[in-house]
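> Model the structure of this input:
(4 chains)
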Number of protein chains: 2
Amino acid sequence: MTGRPRTFDIEDRLELAMRVFWRHGYEGTALSDLTAAMGINRPSLYAAYGNKEALFRQCLDHYHRGPARHVREALDEPTGRAVAEHLLRGTVAVVTREEGPGCLLVNGALATGEGSAAVRADAAARRAEARAALRARLRLAAEAGEFTPGTDPAVLADYLTTLTHGLAVRATDGTPAEELHRTVDFALLTWPDA
Amino acid sequence: MTGRPRTFDIEDRLELAMRVFWRHGYEGTALSDLTAAMGINRPSLYAAYGNKEALFRQCLDHYHRGPARHVREALDEPTGRAVAEHLLRGTVAVVTREEGPGCLLVNGALATGEGSAAVRADAAARRAEARAALRARLRLAAEAGEFTPGTDPAVLADYLTTLTHGLAVRATDGTPAEELHRTVDFALLTWPDA
DNA sequence: CGGGTTCTGTACCGATCGATATGGTAGCGT
DNA sequence: ACGCTACCATATCGATCGGTACAGAACCCG
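From the prediction side, this is the model:
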């Protein structure tokens, strides 16, 4: 049953693969880039992760559990405003990290060729998930009367989603964290507190 | 001196090439995709435009003169608020067009492999240009006393830039124009008029 | 109606893409 | 010690990548 043991840790090397996809995107990353960065050879990669597409999806999972954890954690904040602040501050912190810069969900597969349509759809679905979760959370905040009357929590959530994506693009262009935080400052300044 | 005349119009086919790059990005677009969409064969493409990279740059120029014209035109509005409204409304209109969807400057080459670094830098430089122009325009508005005291026009400009990029990403995900306009509604609601 | 020039169309180039066949190697159970 | 199993490493697969050589065709000029 047992055989020669694997000489590397799957989770550790997944982190290394994620960084390559993060920086160069799905289509901009070649198998040779991955094997070089991960320190393993091609058949080992295929045995451990399946293929390039499956590896990318596992990197998306790893990204969600790791660098993008704040998106999930922000929802646990007690108020809508605290959710927004946690989400935006956390986004700035992640998209300005050296691994990227930017956001893997945005950089990874925003526009692709026909052959990578499934990967693009997967990344888009995960962005949609985050948006839906944020909408649901702010709806609760609205029902608790946290916002000024007439405020649509769905619009507010989509507004925040728009900001996070925009911050990711600007970070990819090399904008420093300090500057992005000033954008967040302004956005939070106009928050519709009741 | 003269020879066999070209059987197509360079500018017309440039429009067709732009749509392919717009939808699939620089690396996601193959020469065969371009020649098929443009209705010309490979040597004709190279004779008319140089190579793939040069063609992409000409598409960026074409994009700036055409679909993204509103970015330049918005600056001519009389007030900062009108500039913002023109920019955001125009952005929504462009990024939800069927050619894309999204923004060519964002979709085209956000994250690329090493071989396409020059193209990525070109797209980033054009995004930076738009940002700088918007900063300069809002600085004039600030000097005219249009904003509430203490408002940094550079921060305001970067905030708008963040929104436009975020709108582009959301449009790429298939978000309809109506929904994006609601995000713009909210953003304009909180504009710091003096 | 040729000569010169430029474009078109086919067919092809080397390089690289993602993916794999094959044989050697390291460990576990008996 | 030996066989079974699973992983490692080299070498290679067909397909596709961006780019081009070459020959024929279409036009202007004389």
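
> which phi and psi does the nearest residue to A:Arg131 once chain neighbours are set aside have?
Spatial nearest neighbour of A:Arg131, excluding adjacent residues (Cβ to Cβ, 6 or more residues apart in numbering or on different chains): A:Thr161 at 4.8 Å. Every residue, glycine included, has its C-beta placed from N, CA and C. Here is the backbone geometry of A:Thr161 (degrees, to the nearest 10): phi -60, psi -40.

> where's A:Thr161 relative to B:Phe147, distance?
From A:Thr161 across to B:Phe147, the span is 26 Å (Cβ to Cβ, to the nearest Å).

> So which residues of chain A form strands?
Applying DSSP state E to chain A gives no strands.

> Contact residues of it facing DNA strand C?
A:1-5, A:29-32, A:42-43, A:46, A:51-53 (Cβ under 7 Å from any atom of the strand).

> neighbours of the residue nearest to A:Thr190 when sequence neighbours are not counted, just the number please.
In space, A:Thr190 comes closest to B:Thr190 once its chain neighbours are excluded; the distance is 3.3 Å by Cβ to Cβ, 6+ apart. Neighbour count of B:Thr190, defined by other Cβ atoms under 10 Å in any protein chain shown: 14.

> list the contacts for A:Arg135?
A:Pro153, A:Ala154, A:Ala157, A:Asp158 (Cβ atoms under 8 Å, 6 or more residues apart in numbering or on different chains).

> Tell me which of the residues you listed fall in helices.
In helices, defined here by DSSP state H, the members of the contacts of A:Arg135 are A:Pro153, A:Ala154, A:Ala157, A:Asp158.

> now those in CSV, with neighbour count and pLDDT?
Below are these laid out as CSV (neighbours: other Cβ atoms under 10 Å in any protein chain shown; pLDDT from 0 to 100):
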residue, neighbour count, pLDDT
A:Pro153, 21, 98
A:Ala154, 18, 98
A:Ala157, 27, 98
A:Asp158, 23, 98
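
> Closest one of these to A:Ala123?
Closest to A:Ala123 out of the ones in helices among the contacts of A:Arg135 is A:Asp158 (18.2 Å), distances taken as Cβ to Cβ.

> Point out where chain A drops to low pLDDT.
Within chain A, the segments meeting pLDDT under 70 span A:1.

> residues near the residue nearest to A:Pro176 when sequence neighbours are not counted, how many?
Nearest residue to A:Pro176, sequence neighbours excluded (Cβ to Cβ, 6+ apart): A:Thr96, at 6.9 Å. For A:Thr96, the count of nearby residues is 22 (other Cβ under 10 Å).

> And DNA strand D, is the lengthiest helix in chain A touching that?
Longest helix in chain A by number of residues (criterion: DSSP H): helix A:117-143. No: judged by Cβ under 7 Å from any atom of the strand, helix A:117-143 stays clear of DNA strand D, getting no closer than 13.4 Å.

> so how far is B:Leu188 from A:Asp122?
Computed with Cβ to Cβ, the distance linking A:Asp122 and B:Leu188 is 34 Å.

> Ok, A:Arg6 next?
A:Arg6 sits 56 Å away from B:Leu188, going by Cβ to Cβ.

> same deal with A:Val106?
24 Å.

> now do A:Ala125
Using Cβ to Cβ, A:Ala125 is found at 30 Å from B:Leu188.
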